[in-house]
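[1] just the structure for this:
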Amino acid sequence: MTEPFPSPQPSYLSAAAAPKKQKKRVRLGAPVLALALAAPAWSSAPAAADVARPDIAAPVSTLAVEFSPAKRDITSSQRNAIRSAQQYLDFSAFSRSGLIHQLEYEGFSTADATFAVDSLNVDWNEQAAKSAKQYLEYTSFSRSGLIDQLVYEGFTRAQAEYGANAAY
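    Down below sits the predicted model:
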């Protein structure tokens, strides 16, 4: 029987005198199957006989989600800017330019802030509607005054009109 937590070996024992660890062997319940490379008749892909088959089967990924190279190559500053931008959007409504300016104010470079905002899938019309509703919760605006305020905040004229229409 093996110990659940093996006791640490004293540092004065040499590697040769230290007890050997036994390798654990994993027993597979079913044989590993290789995928056959067969093209359907309607496909323009080459037939299975035309495809060179390597002697060693390619490893199959067990990950449910794999990141694209573009997502793996972002800098830590860009990753933090994305996280910060998402947190701001979870808390309040922003226009695209307003969110970029907020991230810049927080200390991110213009390039990182722009990258972060553009990497998010944001419905700016929805953000304008949320912003308009937030304004109307604590102050009164005419429809045209609300549109002007939303444009001042960085929304386009079309986004501001959409937001005002949704709030009224």
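[2] can you give me the helices for the chain?
    69-72, 76-91, 96-105, 110-119, 124-138, 143-152, 157-167 (DSSP state H).
[3] mind listing what's buried in the fourth one?
    Neighbour-count burial for helix 110-119 flags 112-117, 119 (criterion: 16 or more other CB atoms under 10 Å). Placement of C-beta: from N, CA and C, glycine included.
[4] looking at these, which one is closest to Leu99?
    Here the nearest of the buried residues of helix 110-119 to Leu99, counting by CB to CB, is Val117; it sits at 5.2 Å.
[5] surely that closest one and Gln102 touch.
    No - if you go by CB atoms under 8 Å, Val117 and Gln102 don't touch, sitting 9.5 Å apart.
[6] dump the residue contacts of Tyr105.
    Listed by CB atoms under 8 Å, 6 or more residues apart in numbering, the contact set of Tyr105 is empty.
[7] for it, report the pLDDT, please.
    Confidence at Tyr105, expressed as pLDDT, is 97.
[8] surely Tyr168 is in contact with Arg143?
    Yes - between Tyr168 and Arg143 there is a contact at 5.9 Å, judged by CB under 8 Å.
[9] quick one: contacts of stretch 113-125?
    Under the criterion CB under 8 Å, 6+ apart, residues 74, 78, 81-82, 84-86, 89, 95-96, 99-101, 103-104, 108, 155-156, 159, 162-163 lie in contact with stretch 113-125.
[10] buried stuff in stretch 145-155?
    The neighbour-count criterion (16+ other CB under 10 Å) identifies 146-147, 149-151, 153-155 as the buried residues of stretch 145-155.
[11] would you turn the residues you listed into TSV with pLDDT?
    Formatted as TSV, the buried residues of stretch 145-155 follow (pLDDT from 0 to 100):
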residue	pLDDT
Leu146	97
Ile147	97
Gln149	97
Leu150	97
Val151	98
Glu153	96
Gly154	97
Phe155	98
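[12] farthest pair within those residues?
    Longest distance between any two of the buried residues of stretch 145-155 is 14.5 Å, between Leu146 and Gly154; criterion CB to CB.
[13] on that earlier part again, which of the contacts of stretch 113-125 count as buried?
    When those are checked against 16+ other CB under 10 Å, the ones flagged as buried are 74, 78, 81-82, 84-85, 89, 95-96, 99-100, 103, 108, 155-156, 159, 162-163.
[14] in this structure Gln159 contacts Ser97, no?
    No - contact between Gln159 and Ser97 fails when scored by CB under 8 Å: they sit 10.9 Å apart.
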